[in-house]
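In: Kindly return the folded structure for what I paste below:
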Amino acid sequence: MSGETQPANGSRQRIDKWLFFTRMVKSRSLAQSHVQSGHVRINGERCSQPSQMVKPGDRVELTLERRDVVLVVRLAGERRGPYEEARLLYEDLSPPGEAKRLTPYEQAIRATGSGRPTKKERRAIDKLMSDED
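Out: Numbers count the residues shown, from 1 in each chain. Down below sits the predicted model:
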């Protein structure tokens, strides 16, 4: 049963559990895949093992879908609680006002009226051009 005990405050904790407890990712399996795909850096070094331990004072850089996050570990988490509780586990050093990244879907969508003219619009343009002659 000792493997199931929660870490005491100030102790080390697995990076995947810590990311899950801080509410940066929705599940532990997502945290593990995030770490394995190279989107997490601890103290400037790429982290590839979800079992890598973090301790208070470590700097965690996380590349999320829409933005980059820079966090400093304050405490090891005991559970995934509400946001107010999770906020106590880290200090956010992310640059303010950072431009949010667009998803590939958002990049593919055009604003109305942009892009190539439709056939109807081309005919209207042709008609305008022919009337000027």
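In: so what's M53 closest to, chain neighbours aside?
Out: Leaving aside its sequence neighbours, M53 sits nearest to R12 (C-beta to C-beta, 6 or more residues apart in numbering; 4.1 Å). For every residue, glycine as well, the C-beta is placed using N, CA and C.
In: ok, that neighbour touching G57?
Out: No - R12 lies out of contact with G57 (C-beta atoms under 8 Å); the separation is 11.1 Å.
In: The two: which has the busier surroundings?
Out: Taking other C-beta atoms under 10 Å, R12 and G57 do not tie; R12 has more neighbours (14 against 9).
In: The more buried one: what's it in contact with?
Out: R12 sits next to M53, V54, K55, A76 when contact means C-beta atoms under 8 Å, 6 or more residues apart in numbering.
In: among the residues you listed, which are in strands?
Out: Cross-referencing the contacts of R12 against strands under DSSP state E gives M53, V54.
In: now the helix or strand of the chain with the lowest mean pLDDT, how far from the centre of its chain.
Out: Ranked by mean pLDDT, DSSP states H and E, the weakest helix or strand in the chain is helix 104-108, scoring a mean of 79. Helix 104-108 sits 17 Å away from the centroid of its parent chain (C-alpha atoms, centre = their mean, to the nearest Å).
In: what are the ranges of the strands in this protein?
Out: 13-14, 40-42, 45-46, 53-54, 59-63, 68-73, 90-92.
In: E84: neighbour count?
Out: E84 is flanked by 7 other residues according to other C-beta under 10 Å.
In: What confidence value was assigned to it?
Out: Per-residue pLDDT puts E84 at 93.
In: Counting neighbours, what do you get for K127?
Out: Neighbours of K127 under the rule other C-beta under 10 Å: 9.
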